[in-house]
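K.L.:
Give me a model of this one.
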Amino acid sequence: MKHTGTIILWALVSALVILVITLPINVQTQLIASIAVVTFMAVIKVLRAEGIWRLIALAFGTAVVLRYVYWRSTSTLPPLNQLENFIPGFLLYLAEMYSVMMLALSLFVVAMPLPPRKSRTAGEGRLPSVDVFVPTYNEDTALLANTLAAAKAMDYPADRFTVWLLDDGGTEQKRNAAAVIEAQTAEARHRELQALCRDLGVNYLTRARNEHAKAGNLNNGMQHSTGDLIAVFDADHAPARDFLRETVGYFSDDPKLFLVQTPHFFLNPDPLERNLRTFETMPSENEMFYGIIQRGLDKWNAAFFCGSAAVLRRAALNEAGGFSGLSITEDCETALALHSRGWNSVYVDKPLIAGLQPATFASFIGQRSRWAQGMMQILRFRFPLLKRGLSLPQRLCYMSSTLFWLFPFPRTIFLFAPLFYLFFDLEIFTASGGEFLGYTLAYMLVNLMMQNYLYGSFRWPWISELYEYVQSVHLLPAVISVMLNPTKPTFKVTAKDESIKVARLSEISRPFFVIFAVLFVAFLMSIYRFYAEPYKADVTFVVGGWNLLNLIIAGCALGVVSERSERAASRRVTVKRRCTFIAEGREYPATLENVSANGARVQVFGLEGNLAESTRGELRFKPYGSDGEETLPVEIRNTEHLGSVVAVGCRFMPEAAHHHALVADLIFANSNQWSDFQVSRRYNPGLLRGTLWFLGVAVHQTGRGLLYFLRSLGGSKKEAAS
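P.N.:
Reported below is the predicted structural model:
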């Protein structure tokens, strides 16, 4: 009886919604209704009302969106007999409907995400055995040493976990390659990593051939190991001491649990953050996914494997035949296969690893191209909506995750749509200026407000649009290629730990300047047409405003592709840790101020005079979980007198594997420092203040990008003259 009542209630509500969105009203009434809804949503936001009020605000916003969809579908498409107008007009319509569909899926996933799970520390009873896999291909030995040392130092019974370096850069295939240089390089790497693993107490494993990329490497590791659980870390993802303690306990709670995934935290900014200088003040791009979306997916038992910083159950992987390798995104594909078999997943929203992300714009685009192509392969080969074994919410969640990567298509259409009118006088959107205000502008405002409701403290206004634009220029051909030939893409390792010693334009920046020039000409054209054709002033004003918004985003992108110089990819991490500084035979009390993978800055008390550059010294401190102190050799790089203390910049000089463990202890052992850093930059500037901030950034970055462009032209002329 109760079930029948629920169905009746839903039917009545659905009928009421349909009545509201199809109600024939004039433009003035629509404008008043839109203003009322926007005002109501703004008041709820200002009052910071949560719970049911949040859902009510989102429901009102959804009504405006649906009203817009109805009007857009029935009143604005060009006549079918005008193909020059209808074809681009219909493409624009499809792009908008895609955006509405993704908004609907986002609302389903994250309208009410799970709160962060409470800490589930593993007990002291019999703990499951764990194999820790660190797959590698071409990463630097020093980078691997820090990751392996951090993994080896995890707080877990030594007899219950084994660390494995899975080396795909030293396979028999590569060591016996026909190219002598390639073979010798692989052989040298093979011997070097064997020695490193021996010194660190880590198992080294390679294989005969490089088959099925990372998935094949992981599966080879499974064949040579026996642990109940498998933890996976990328070569540049070093775990904190408490990683296993914070994750393995969940497996004892649920025998059908196959995955515990944790967020990816990065020590260095991505190219957008570095070039716009927002890393310390604005949430990173990945925080929207790991801070909100994964918690939303977790609510529907659809949080998926992200390739690293995760623990998986061996029995579940064995049932599915190991890690999936049909696509080049083996992580999401593996999770999809196991969810469809009835296994469960858990997402723990606490950063327990610290890694590196691509430093150059070209590497960033290469990484995103692999993700986009892999998700398109999953959409093509696995099609989650019809995947047998998944629940309906899981199907929708996976469709949301895969369909997202189609964004280059609508983003490109939105970018060039105004040009059809400004340059060719085509009417691809039949509406008056008043109708645009009552329907389209209201829809855009409500859409922005709903995104701010969902992601406010994790994604600031217009940042998503900027990220999507800078990716779309190069991802569009990548996505098209995988649609035409889904088996063509191959796994490519993303370059990490890069440095940019000289400020320069990215090698793939040219299209952004071409697009900016075209949009700027269109902006001038809109001004001309506004005065030359006053009878079309309302339409020209609307289309010109749309183009101006695109121009602002495109101008900001010029700053993104203008690479600032930076000596090291890894930023320093604040630690505030007591130590003893030893130099020239004397010991001084000191405080570690910050550290990076290469060195540290130390506040030394009682030091008089300056230490010569390249002077050798030592840092003595107590590692986490140790009863005694250890000594790490360093080399002095610079000194600075700050009143009663001297700030000493020093470079780590590891002479043995044990020293890498000490470096890892300084940087990676304490996960709380990463959580504190994330929280420090998570706040919601609001829609108005966030928009004004973005406009200021865009103006500055447009000027900076054009300056870099002019400098590059000067450099080209000098090269030609020489």
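K.L.:
Now do the longest helix seen in the chain, average pLDDT.
P.N.:
Ordering each helix of the chain by length in residues (DSSP state H) puts helix 687-721 first. Averaged over helix 687-721, pLDDT sits at 85.
K.L.:
by contact count, what packs against that helix?
P.N.:
Judged by 3 or more CB pairs under 8 Å, 6 or more residues apart in numbering; DSSP states H and E, helix 687-721 is in contact with helix 271-276, helix 442-455, strand 504-505, helix 510-532, helix 537-560, strand 562-563. Where C-beta positions appear, they are placed from N, C-alpha and C, glycine not excepted.
K.L.:
can I get these in TSV with distance to Phe407 and mean neighbour count?
P.N.:
Formatted as TSV, the helices and strands packed on helix 687-721 follow (distance: least, CB to CB, whole Å; neighbours: other CB atoms under 10 Å):
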stretch	distance to Phe407	mean neighbour count
helix 271-276	16	23
helix 442-455	14	20
strand 504-505	25	19
helix 510-532	17	16
helix 537-560	14	21
strand 562-563	24	24
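K.L.:
out of the ones you listed, nearest to Gly585?
P.N.:
For Gly585, the closest of the helices and strands packed on helix 687-721 is helix 271-276, at 41.0 Å, according to CB to CB.
K.L.:
From the chain's centroid, how far away is that closest one?
P.N.:
13 Å (CA atoms, centre = their mean, to the nearest Å).
K.L.:
so after it, what's the next helix or strand?
P.N.:
Once the chain leaves helix 271-276, the next helix or strand it forms, by DSSP states H and E, is helix 286-288.
K.L.:
Mind giving me the packing neighbours of the next helix or strand after that next one?
P.N.:
Once helix 286-288 ends, the next helix or strand along the chain (criterion: DSSP H and E) is helix 294-299. Judged by 3+ CB pairs under 8 Å, 6+ apart, helix 294-299 is in contact with helix 83-110, strand 344-347.
K.L.:
next one: the first one to chain centre, how far?
P.N.:
Yep, that's helix 83-110 we're talking about. Distance, centroid of helix 83-110 to centroid of chain: 24 Å (CA atoms, centre = their mean).
K.L.:
Now do the strands in the stretch 101-250 of the chain.
P.N.:
130-136, 161-167, 203-205, 229-232, 238-239 (DSSP state E, counting those that start in this stretch).
K.L.:
Excluding chain neighbours, what is closest to Phe265?
P.N.:
Of all residues not flanking Phe265 in the chain, Pro351 sits nearest, at 3.6 Å (CB to CB, 6 or more residues apart in numbering).
K.L.:
Gln30 is nearest to which of the helices and strands packed on helix 687-721?
P.N.:
Among the helices and strands packed on helix 687-721, helix 442-455 comes nearest to Gln30, with 7.9 Å by CB to CB.
K.L.:
next structured bit after the closest one?
P.N.:
helix 463-484.
K.L.:
which residues are in contact with that following helix?
P.N.:
The contact list for helix 463-484, computed with CB atoms under 8 Å, 6 or more residues apart in numbering, reads 272, 282, 285, 288, 361, 365, 368-369, 372-373, 376-377, 380, 405-409, 411-412, 415, 451, 488-489, 508, 511-512, 515, 553-554, 556-557, 560-561, 694.
K.L.:
could you redo the last one with a cut-off of 7 Å?
P.N.:
272, 285, 365, 368-369, 372-373, 376-377, 405-408, 411-412, 488-489, 508, 511-512, 553-554, 556-557, 560 (CB atoms under 7 Å, 6 or more residues apart in numbering).
K.L.:
try stretch 76-85
P.N.:
Phe86, Gly89, Phe90, Tyr93, Leu426, Glu427, Ile428, Phe429, Thr430, Ala431.
K.L.:
got it, and stretch 366-386?
P.N.:
Applying CB under 7 Å, 6+ apart, the set of residues contacting stretch 366-386 is 326-329, 332-333, 336, 358, 390, 395, 398-399, 402, 405, 471, 474-475, 478-479, 482-483, 486, 489, 492, 494.
K.L.:
From these, list the buried ones, please.
P.N.:
326-329, 332-333, 336, 358, 390, 395, 398-399, 402, 405, 471, 474-475, 478-479, 482, 486, 489, 494 (16 or more other CB atoms under 10 Å).
K.L.:
among those residues, which are in strands?
P.N.:
Per DSSP state E, strands hold no members of the buried ones among the contacts of stretch 366-386.
K.L.:
Show me the shaky parts of the stretch 101-250 of the chain.
P.N.:
Low-confidence segments of the stretch 101-250 of the chain (pLDDT under 70): 124.
K.L.:
no, scratch that, I was asking about the stretch 551-700 of the chain
P.N.:
567-571.
K.L.:
how about the longest strand that the chain contains: buried residues?
P.N.:
In the chain, taking DSSP E as the definition, the longest strand is strand 630-642. Across strand 630-642, burial judged by 16+ other CB under 10 Å covers Leu632, Pro633, Val634, Ile636, Arg637, Thr639.
K.L.:
what's the answer for stretch 312-329, then?
P.N.:
Applying a neighbour-count criterion of 16+ other CB under 10 Å, one finds 312-314, 316-317, 320, 322-329 buried in stretch 312-329.
K.L.:
any idea which of the helices and strands packed on helix 294-299 is most buried?
P.N.:
strand 344-347 (a mean of 23; mean count of other CB atoms under 10 Å).
K.L.:
helices or strands up against it?
P.N.:
Contact here means 3 or more CB pairs under 7 Å, 6 or more residues apart in numbering; DSSP states H and E; on that basis strand 344-347 packs against strand 257-261, helix 294-299.
K.L.:
mind checking how far the last one is from the chain centre?
P.N.:
Helix 294-299 has its C-alpha centroid displaced from the chain centroid by 16 Å (CA atoms, centre = their mean).
K.L.:
List of residues touching the helix or strand that that helix is followed by?
P.N.:
Once helix 294-299 ends, the next helix or strand along the chain (criterion: DSSP H and E) is strand 310-313. Contact with strand 310-313 is made by 229-232, 247-248, 251, 257-262, as judged by CB under 7 Å, 6+ apart.
K.L.:
Let's see that with 6 Å instead.
P.N.:
The contact list for strand 310-313 (CB atoms under 6 Å, 6 or more residues apart in numbering) reads Leu229, Ile230, Ala231, Val232, Thr247, Phe258, Leu259, Val260, Gln261.
K.L.:
any idea of the mean pLDDT for stretch 23-37?
P.N.:
For stretch 23-37, the mean per-residue pLDDT is 83.
K.L.:
please begin residue numbering at 23 from this point
P.N.:
All set: I'll call the first residue 23, so the last point we hit is now stretch 45-59.
K.L.:
what sits against the residue lying closest to Leu441 once chain neighbours are set aside?
P.N.:
Leaving aside its sequence neighbours, Leu441 sits nearest to Ala544 (CB to CB, 6+ apart; 5.5 Å). By CB under 6 Å, 6+ apart, the contact set of Ala544 is Leu441, Leu444, Asn569.
K.L.:
wait, the last one sits on Ala439?
P.N.:
Spelled out, that is Asn569. No. Look at Asn569 against Ala439 with CB atoms under 6 Å: they stay out of range, at 9.0 Å.
K.L.:
Gly650 in helix, strand or coil?
P.N.:
What DSSP: H, G, I helix; E, B strand; the rest coil gives for Gly650 is coil.
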